[in-house]
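Q: Quick one, what's the 3D model for this:
(one chain, ligands or ions: 2)
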Amino acid sequence: MMPHKEADPSREFTPDQYPDFPDGFPTIQLETISLAKLLIGNDAAEQDRVFEVCKGRGFFYLDLAGCEAGATIIKGADQAAAAAEDVFKLSFDEKMTYRIHGTSLDGYKVAGETHTDKDGTKDTAEFFNVGKNENDQMKKPWPEIIKATKPLFRDYIVTAHGIGMFIMGILANKLGVDPAEFNSRHRIMKQSGDHIRLTRGPPREKEELPEIQTPSHTDFGTITLLMNWLGGLQVWSESSRKAQLLNHEPDVPGEWLWVRPKKGCAIIEVINLGDAAVKFTNGVLCAGRHRVIPSPGTQGKYPRYSVVYFVRPENECIMKQLRGPGIPDGPEEEKDINAEDWIKQQAAGLGIRFEK
Ligand SMILES: O=C(O)CCC(=O)C(=O)O
Ligand SMILES: [Fe+2]
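A: Residues are numbered from 1 along each chain as shown. Ligands and ions are numbered 1, 2, ... in the order given. Predicted coordinates:
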């Protein structure tokens, strides 16, 4: 563990200072899977649990302790969030010069780009996306702080992508699909929508919930690795198999359940499956429906940072289900759509207006 640091009043990402997530709020019980057991131990029971949770909730905690890949993510996420703080502190005008535009997902998303309800209430989250492929070259204009952090991001991208692929390998084996089928759709050197997303949400203004940072959604990609330090992430109590979106809200009765950051939260990552995992497996695997609002209680007094890595299919990948004994055969698609267009279609369906 890091030695306890004195609070630096000029910094707002101060995970050492955060109070615990308060009691008395409905939380979801997620399974905790050990990365070390999977990576080092090749543990068959742990692999079974991965498959079960991915068929069920599509969400689990990944305990990062006890292996090198986990240590890279723990340390990297802390450093990435500190860099994020410096990026979000830049002037509004400078940040807007990095605004996401065209067909790329790289750069800055200003708060308020998306609607969170039928009345048009705006989201409150700022994002800064650093693409997997762009990070290699950094040809675009980037804030100095992002350029200075490039080697860290590179390590983080390679490690997070590797963890995602390892989990996909386990799922492939369980589904009776050759893991090469997943690997060939997610090659690290190929252009894809993979990126590290740095997020910041402002502190809670009122005790009454919600103040939506990021509205209800399922992720578009195959698998998401999320590091967060404060509560804020919520999962809908009904599985996304049943709950579709209507006017920005799930259309089956249920409630939002908090994902409690685990004690010693810096060692735990939250993994969730995205729409591409559902598509590839014709619904055997389940995407997790979630949203983000500021934490209740004293945690909500802090701005909330998160570091998210999205593993997504290569742009050229045709979005068809995989065939294997563990995957029921669906009808042949009428026309081929590649991942790049498919992701845009999914984003548009959520009312996301990234392109400007
Ligand atoms: O910040 C979080 O906890 C989750 C963010 C998220 O769901 C997303 O960016 O897709
Ligand atoms: Fe998400």
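
Q: Check which residues of stretch 81-96 are buried.
A: Across stretch 81-96, burial judged by 16 or more other CB atoms under 10 Å covers Ala81, Ala82, Ala83, Ala84, Glu85, Asp86, Val87, Phe88, Leu90, Lys95. Glycine gets a C-beta too; all of them are placed from N, C-alpha and C.

Q: what's the answer for stretch 110-124, then?
A: Buried, per 16+ other CB under 10 Å, within stretch 110-124: Val110, Glu113, Thr114, His115, Thr116, Asp123, Thr124.

Q: ditto for stretch 260-278
A: Applying a neighbour-count criterion of 16+ other CB under 10 Å, one finds 260-262, 265-278 buried in stretch 260-278.

Q: And for stretch 49-68?
A: Buried residues in stretch 49-68 (16+ other CB under 10 Å): 49-51, 53-55, 57-64, 67.

Q: just curious, which of these is nearest to ligand 1?
A: Phe59 (11.0 Å; CB to the nearest ligand atom).

Q: Is the closest one bridged to anything, and to what?
A: Beta-bridge partners of Phe59, counted by DSSP bridges, are Asn272.

Q: give the contact list for it.
A: Phe59 sits next to Ile28, Leu30, Val53, Val235, Val259, Val270, Ile271, Asn272, Leu273, Gly288, His290 when contact means CB atoms under 8 Å, 6 or more residues apart in numbering.

Q: ok, back up a step: now for the buried residues of stretch 49-68: which two are most distant?
A: Farthest-apart pair in these is Lys55 and Cys67; separation 25.1 Å (CB to CB).

Q: wait, what's in contact with the residue nearest to Leu273 when sequence neighbours are not counted?
A: Of all residues not flanking Leu273 in the chain, Gly58 sits nearest, at 4.2 Å (CB to CB, 6 or more residues apart in numbering). Contact analysis of Gly58 by CB under 8 Å, 6+ apart lists Ser239, Ser240, Asn272, Leu273, Ala277, Leu285, Cys286, Ala287, Gly288.

Q: pretty sure the first one is in a strand, no?
A: No - counting by DSSP: H, G, I helix; E, B strand; the rest coil, Ser239 is located in no strand; its state is coil.

Q: now it, nearest residue through space, not along the chain?
A: Cys286 (5.8 Å).

Q: tell me the phi and psi of the residue in the stretch 1-150 of the chain positioned nearest to ligand 1?
A: Using CB to the nearest ligand atom, the single residue of the stretch 1-150 of the chain nearest to ligand 1 is Phe127, 6.9 Å away. Backbone geometry at Phe127, expressed as degrees, to the nearest 10, gives phi -120, psi 150.
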